[in-house]
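K.L.:
Got a sequence here, can you model it:
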Amino acid sequence: MADIGIGIIGSGFMGRTYSETISKYCKRARLVAVTGGSRAEQLAKDYNMALEPSVDALVSRKDIHAVFIATPHHLHAEEALKAAQAGRHMLIEKPMACSVADCDAILDACKKAGVWCSIAFTQRSRNCNIKAKQLIDEGAIGRIRHIEELALNATGLVGLPKWQSNPENLGTLFGHAIHNFDRIRWLTGQEIRTVYAKCGSIEPDVKVEASSMVLMTLADGALATLWASFQVPKPSFPRSQFSCRIIGEKGIMDLDAYGELRVATDGEWRVVENQAPIDWQGKGFLDPVRLESYTRQCQDFIDAVVDNRPPAVTGWDGRQSVAAALAAYQSSATGQEIVLS
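P.N.:
Numbers count the residues shown, from 1 in each chain. Okay, here's the model as predicted:
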């Protein structure tokens, strides 16, 4: 294929993010149609797409080869299965689905249909994360022994879509700190084996989990912690929106995905990478700086479809992060450490 036709499922914040990214920054693909959500008609007009009345109608179009699923979490599984049954490749906005069983069903359906499935873990495509992964793989700090992950936000749940507060979409650990579970697996190359957590809300009127602390062990014995909250008083803590501290056998890293990557291997910190700030107040959420990481992952997925190769981020990656996040909820509810298979 010279290029592929793309269908967008979901017309909100992320539906527009993907439409902007694909139409302006990606090669070998073209937007074809959109469905889903109250803003679908306007999105179709803005990006010269057809408006379809349903997911079934969209995935049945012969000029669509792949879909981007950007809907509330509880809808992902049903929509992904419809796409697979229609023989459409898919990139699913994180988290992959709301249960491990649904993730496995998606993986099985994609395998049977011979289509690729990728998950939107776009933090892997930010500059400081890319550089950290490169240095770790080169052995710069030796084998990783400890990771402390932070995902702290002072925006509160009012800064998130209203559907994020609906119980069927679970909480913020699942919807947002899922990136941190993925980064732990990605940076270390290890699976998460045990999870112990306390999850809940420190505000009585918030009905979903909005603050969590998680302790994990990895397959090689390394330890990882995750502190995630959307209930931090302003101005929150510096370098804590999506950051981590890493201890290796030969050095340490201080990684801020929205700032600097600092490394120390000889007793002194040095800055080895920077991430330009996103102009939220001026250019807004379609700032090209924000879309840079989306462009990298979307282009990889598009190239994977065209070239018939696995995408860099796979459905298995999505499944394993869902398993870890749900294990945290289970641990919090039971007071027990959860062992993952």
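
K.L.:
what's the burial count for Ile278?
P.N.:
Counted with other C-beta atoms under 10 Å, the neighbours of Ile278 add up to 17. For glycine as for every other residue, the C-beta is placed from the backbone atoms N, C-alpha and C.

K.L.:
Not counting its neighbours along the chain, what's nearest it?
P.N.:
Ranked by C-beta to C-beta, 6 or more residues apart in numbering and with sequence neighbours excluded, the top spatial neighbour of Ile278 is Arg290, at 4.6 Å.

K.L.:
Arg124: neighbour count?
P.N.:
Residues contacting Arg124 under the criterion other C-beta under 10 Å number 22.

K.L.:
Surely it and Gln297 touch.
P.N.:
Yes. Arg124 lies in contact with Gln297 (C-beta atoms under 8 Å); the separation is 7.2 Å.

K.L.:
Mind listing the shared neighbours of the two?
P.N.:
Shared contacts of Arg124 and Gln297, defined by C-beta atoms under 8 Å, 6 or more residues apart in numbering, are found at 312-313.

K.L.:
isn't the residue nearest to Ile278 right next to Gln275, touching?
P.N.:
No. In this structure Arg290 lies outside contact range of Gln275 using C-beta under 8 Å: 10.5 Å.

K.L.:
doesn't Glu273 fall inside a helix?
P.N.:
No. Under the criterion used here (DSSP: H, G, I helix; E, B strand; the rest coil), Glu273 is strand, not part of a helix.

K.L.:
Who are the contact partners of it?
P.N.:
Contacts of Glu273 by C-beta under 8 Å, 6+ apart are 127-128, 130-132, 260-261.

K.L.:
Over to Ala224. Which of the three states is it?
P.N.:
Taken by three-state DSSP, the conformation at Ala224 corresponds to strand.

K.L.:
re the thing from before, any idea how far the residue nearest to Ile278 is from Asp279?
P.N.:
8 Å (C-beta to C-beta, to the nearest Å).

K.L.:
And stretch 126-144, end to end?
P.N.:
21 Å (C-alpha to C-alpha, to the nearest Å).

K.L.:
contact partners of it?
P.N.:
With C-beta under 8 Å, 6+ apart as the criterion, stretch 126-144 contacts 123-124, 183, 186-188, 220, 222, 246-253, 255-261, 263, 265, 272-275, 292-293.

K.L.:
so of these, which ones are in strands?
P.N.:
246-248, 252-253, 255-256, 260-261, 263, 272-274 (DSSP state E).

K.L.:
Low-confidence stretches in the stretch 1-150 of the chain?
P.N.:
For the stretch 1-150 of the chain, the stretches with pLDDT under 70 are 1.
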